[in-house]
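**Q** With the sequence up front, the predicted model follows.
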Amino acid sequence: MRTNIILDDQLVTEALQLSGKKTKKEVVNFALQKLVQSLRKQSRKHNQFINNYINTPIKLEHFTPINRNDLYER
């Protein structure tokens, strides 16, 4: 996809140096790839957490009931 954007020159220069890429296009594509990878990883972790939480019931074996009077005395 072709597009024209205004980039921060200092940021691009630093990205070129740190990444070892030779062109702005390579740096932008590299940055987009890393962003997508990172967001996919976050999404997978989030979905795994939700699935584990939903599929694993909370065990109440260590639950100590408290009566109403004890609650109000505190």
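**A** Received, thanks. Everything numeric here is computed off the predicted structure, so don't read it as measured data.
**Q** quick one: which helix or strand includes the residue nearest the centre of the chain?
**A** By C-alpha atoms, centre = their mean, the mean C-alpha position of the chain lies nearest to Q42, the distance being 3.6 Å. Here Q42 sits within helix 24-55, counting by DSSP states H and E.
**Q** do K21 as well
**A** Applying DSSP H and E, one finds K21 in no helix or strand.
**Q** pLDDT score for it?
**A** Looking at K21, its pLDDT stands at 97.
**Q** Angles on the backbone of N67, please.
**A** Here is the backbone geometry of N67 (degrees, to the nearest 10): phi -90, psi 160.
**Q** what's the pLDDT at it?
**A** 81.
**Q** Same question for D70.
**A** pLDDT, the model's per-residue confidence, is 76 for D70.
**Q** Tell me how many other residues crowd it.
**A** Applying other C-beta atoms under 10 Å, we find 9 residues neighbouring D70. For the C-beta atoms, the positions are set from N, CA and C on the backbone; glycine is no exception.
**Q** Tell me the gap between the helix or strand containing it and the middle of its chain.
**A** Element membership for D70, per DSSP H and E: helix 68-73. In terms of C-alpha atoms, centre = their mean, to the nearest Å, the gap separating the centre of helix 68-73 from the centre of its chain is 42 Å.
**Q** on that earlier part again, check which residues of the helix holding Q42 are buried.
**A** V27, V28 (16 or more other C-beta atoms under 10 Å).
**Q** and it, what other elements does it pack with?
**A** Helices and strands touching helix 24-55, by 3 or more C-beta pairs under 8 Å, 6 or more residues apart in numbering; DSSP states H and E, are helix 9-19.
**Q** can you state the direction angle for the helix it packs on and helix 24-55?
**A** Helix 9-19 runs at 80 degrees relative to helix 24-55, counting by axes from the mean of the first three to the mean of the last three C-alpha atoms, to 10 degrees.
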